[in-house]
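K.L.:
after the sequence you'll find the predicted model.
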Amino acid sequence: MAWPYVADDTSDPLLAADAEVWQPFTDAVRELVDACVQSDVDADDVRAAQADVEAALARLGKARLSTTLGQSGTVGSRRRAWGNPVIGVRNPIAPPLHVDSDPAGRAWSDFHLGPAYEGPPGLVHGGVVSLIIDQVLGHAVGAGRQPAMTGTLTIRYERGTPLGDLRVEAWVERREGVKIHAGAHVLGPDGPTAVAEAVFIVPRRFRDQLSDGIGAADQGSTQG
Ligand SMILES: CCCCCCCC(=O)SCCNC(=O)CCNC(=O)[C@H](O)C(C)(C)COP(=O)(O)OP(=O)(O)OC[C@H]1O[C@@H](n2cnc3c(N)ncnc32)[C@H](O)[C@@H]1OP(=O)(O)O
């Protein structure tokens, strides 16, 4: 089965101009989400703000994309990730994370999670921890330029992850044919809060793209 991408030949300057428009808007909506969980104004102000939001929704609803953002670009298009819930330029649900990676199969990000991500009191929701780990593992595995999807993700929550400034690190451990074994952890002020093991799988539909050598076990390297 082919990926459901629609051809997107938007030029880089047009993409950059589009990002300049959407980035500040998305930041403002993210602040709106924060205000939604933190504001302590009275009922009249809440109702007035609701009317303002509904007016904005009417304006934005005048035109809609015919596909999701992820489906709207070719494989190389940066716009594909704009709707991503961890890193997306156009997704206010995303914290967002800026993820760095290197070709050796490591990825990392320093990020901040506020009250919109709370699970237990003062702590990050476990599903959000998992979301972030999965994404950054994807960057570590993807740094080897290998299309692969999370097959199995196991997380041990060592202790609560406090809201605030955090770091996530992920790394490829080894390859076994179409399986890529990887690890990750989230670091809080007092050390690791969650530790993960994952198996990524090169999907059947991408296997004909396997470069020579990846088919054999290749311990400790993401280079293919
Ligand atoms: C920019 C970065 C973005 C990153 C985003 C973060 C990454 C993600 O969240 S991806 C989304 C979440 N993951 C998914 O939706 C995956 C859903 N699952 C699938 O699509 C498929 O089951 C898939 C691709 C994992 C495997 O399917 P398929 O390619 O048909 O595998 P298949 O040929 O049956 O099996 C190949 C090998 O993998 C193993 N395997 C298959 N599925 C799994 C699995 N889920 N876990 C572990 N091993 C598996 C098989 O046992 C087999 O091993 P062996 O060769 O030793 O017998």
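P.N.:
That came through fine.
K.L.:
buried ones in stretch 116-133?
P.N.:
116-117, 123-125, 128-133 (16 or more other C-beta atoms under 10 Å). Using the backbone N, CA and C atoms, a C-beta is placed for each residue, glycine as well.
K.L.:
pLDDT of stretch 200-214, averaged?
P.N.:
The average pLDDT within stretch 200-214 is 71.
K.L.:
how about the residues of the protein by the ligand?
P.N.:
Within the chain, the positions adjacent to the ligand are 134-135, 138-139, 142, 149-152, 178-179, 199, 201, 203-204 by C-beta under 6 Å from any ligand atom.
K.L.:
of those, which belong to strands?
P.N.:
Among the residues of the chain next to the ligand, the members found in strands (DSSP state E) are 149-152, 179, 199, 201.
K.L.:
mind giving me the PyMOL select for these, buried ones only?
P.N.:
Here is the PyMOL command that selects the buried residues among these (16+ other C-beta under 10 Å):
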select buried, resi 150+201
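K.L.:
just give me the closest of the ones in strands among the residues of the chain next to the ligand to the ligand.
P.N.:
G151 (2.9 Å; C-beta to the nearest ligand atom).
K.L.:
tell me the pLDDT of the closest one.
P.N.:
98.
K.L.:
equivalent analysis for the one 5 residues further on, please.
P.N.:
What the model reports for R156 is a pLDDT of 98.
K.L.:
quick check: it is in a strand.
P.N.:
Yes - under DSSP: H, G, I helix; E, B strand; the rest coil, R156 falls within a strand.
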